[in-house]
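Trainee: Please find the sequence and the predicted model below.
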Amino acid sequence: MRTILYIIQKEFIQVFRNKAMLPIIFVIPIVQLIILVNAATMEIKHIRLAVVDKDLSQTSRKYISKFNGSPFYVIDQYTFSMDEAENELKKGNIDAIIQIPSGFERKLVRESQSKIQVIVNAINGVVAGITNAYIQNMTIGYNIEVVTAIAGKPTIMNPPADININYSYWYNPQLNYKNFMVPAVLVILVTLIGMFLSGLNLVREKELGTIEQINVTPIRKYQFIAGKLIPFWVLALTELAFGLFVGKVLFNIPILGSIWLLFGVAAIYLVVVLSIGLLISTMTNTQQQAMFVMFFVMLVCIMMSGIFTATETMPGWAQRIDYLNPIYYFMRTVRMILLKGSGFKDIINEIICLMVFAFAMLRMAIWRYKKTA
């Protein structure tokens, strides 16, 4: 035990002696947290519209006014030429075109139906789908008003007044996307710090040649790996605490579950991440090689962890691969504890999986490390 404490002391001295290391550990991740949470959002606002109103009736103007009064839309262009609107769409100056044909109001009054055309820029399929859904909802709402005004009585689309529909959004009542993203960004930052620092630290010892001096000592392999792992385990937990504090102060994220349970799960997860970093470092000889391998592993695991989209929407083969992805389990656990207030019984399966990963990765890192003189 005393040998491990000496190695831990050496690692902390090296970390705090390197003046460039502390900003990398604490300042840069917090800056990334602030930027990513505000930038990485699926909320689509300020959709740029072009309106081609060939009817110029009171009904068409009232329909267009619905978009003018919404914070989600910005009508950049009014024109009578569809070709002109399409050219602007091709240039990327607008996101969607709404064309109201001539005779729109007349057909609506005489035939109780009329058509409009919506053209959406679908280069980004996700944005296009959301934009189209917004326009459809706005049109349906206006359609209810028109049908009710013409018919003078409730319809299927406009139920009787004694039927009230109340919506309740559990776990995120305000539909604030930042509540969904802050836990995910925290998971990514803690993973990056843990894996990169632990992996690059051992490789740096190889490049400087100090690893040879350690190898000739009677230090055992498990003592050396433990001494390398514990300092960065402490630093990563500290970063998680600091990130939660920043998230609460700046974004007011809910913390409904036990904070001690969250740190307990994080402690297990960090053993997994640090062990993976150490395992990669035992298989590489330079920092460039280690960074390339870690970047590949991190990119695949993060994109499949459910950071932006639910893993349930992925193909079946991808969901089965996710069973081997430790970031998936931790991402799910953090969101459940913070947003749903889940307890130990609710996340017991995730905890067991992380413990299995921790044991397996740590054993592999110790086994793979070759203590040669």
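Mentor: Yep, that arrived. Just so you know, these numbers come straight off a predicted model, no measurement behind them.
Trainee: only C-alpha atoms for contact and neighbour calcs from this point on.
Mentor: Will do.
Trainee: what residues are up against M364?
Mentor: M364 is in contact with L279, counting by CA atoms under 8 Å, 6 or more residues apart in numbering.
Trainee: where does it land on pLDDT?
Mentor: Here the pLDDT value assigned to M364 is 89.
Trainee: all numbers from here: first residue = 5
Mentor: All right, first residue 5 from here; so that's M368.
Trainee: okay, now the domains of this structure?
Mentor: 6-44+178-372, 51-155 (automatic domain parsing).
Trainee: measure stretch 328-347 end to end?
Mentor: 23 Å (CA to CA, to the nearest Å).
Trainee: returning to that earlier point: please identify the deepest-packed of the domains of the chain.
Mentor: Burial of the domains of the chain is given as mean neighbour count (mean count of other CA atoms under 10 Å); domain 6-44+178-372 ranks first at a mean of 18.
Trainee: if I look at T143, how far off is I215?
Mentor: 68 Å.
Trainee: ok, which stretches of the stretch 105-254 of the chain are strands?
Mentor: Taking DSSP state E, counting those that start in this stretch, the strands of the stretch 105-254 of the chain run over residues 121-124.
Trainee: Who are the contact partners of I272?
Mentor: Neighbouring residues of I272 by CA under 8 Å, 6+ apart: 358-359, 362.
Trainee: And for I12?
Mentor: I12 touches 231-232, 234-235, counting by CA under 8 Å, 6+ apart.
Trainee: cool, M295 as well?
Mentor: Taking CA under 8 Å, 6+ apart as the test, what M295 contacts is 200, 204.
Trainee: moving C-terminal of the helix or strand harbouring it, what's the next helix or strand?
Mentor: Element membership for M295, per DSSP states H and E: helix 291-307. Next in sequence after helix 291-307, counting helices and strands by DSSP H and E, comes helix 320-325.
Trainee: May I have the residues that are in contact with the spatially closest residue to R339 that is not a sequence neighbour?
Mentor: Excluding its sequence neighbours, the residue lying closest to R339 (CA to CA, 6 or more residues apart in numbering) is P187, at 6.2 Å. Residues near P187 by CA under 8 Å, 6+ apart: 335, 338-339, 342.
Trainee: Can you pull out the low-pLDDT segments for the stretch 155-304 of the chain?
Mentor: 155-172, 216-217, 219 (pLDDT under 70).
Trainee: what do you get if the cut-off is 90, keeping everything else the same?
Mentor: By pLDDT under 90, the low-scoring segments of the stretch 155-304 of the chain are 155-190, 192-240, 242-243, 246-247, 250-259, 261, 281-304.
Trainee: Would you verify that V55 is located in a strand?
Mentor: Yes - according to DSSP: H, G, I helix; E, B strand; the rest coil, V55 belongs to a strand.
Trainee: isn't it right next to V78, touching?
Mentor: No - if you go by CA atoms under 8 Å, V55 and V78 don't touch, sitting 10.6 Å apart.
Trainee: Can you name the residues that contact the spatially most central residue of the chain?
Mentor: Among the residues of the chain, the one closest to the centroid is I311, at 3.5 Å (CA atoms, centre = their mean). Shown in contact with I311 (CA under 8 Å, 6+ apart): 185, 188, 335.
Trainee: Looking at these, which one is closest to V150?
Mentor: M185 (39.2 Å; CA to CA).
Trainee: Skip the chain neighbours and tell me the closest residue to that closest one.
Mentor: Closest to M185 by CA to CA, 6+ apart is V41, at 6.0 Å.
Trainee: can you confirm the one you found is in a strand?
Mentor: No - in this structure, V41 is helix, not part of a strand, as judged by three-state DSSP.
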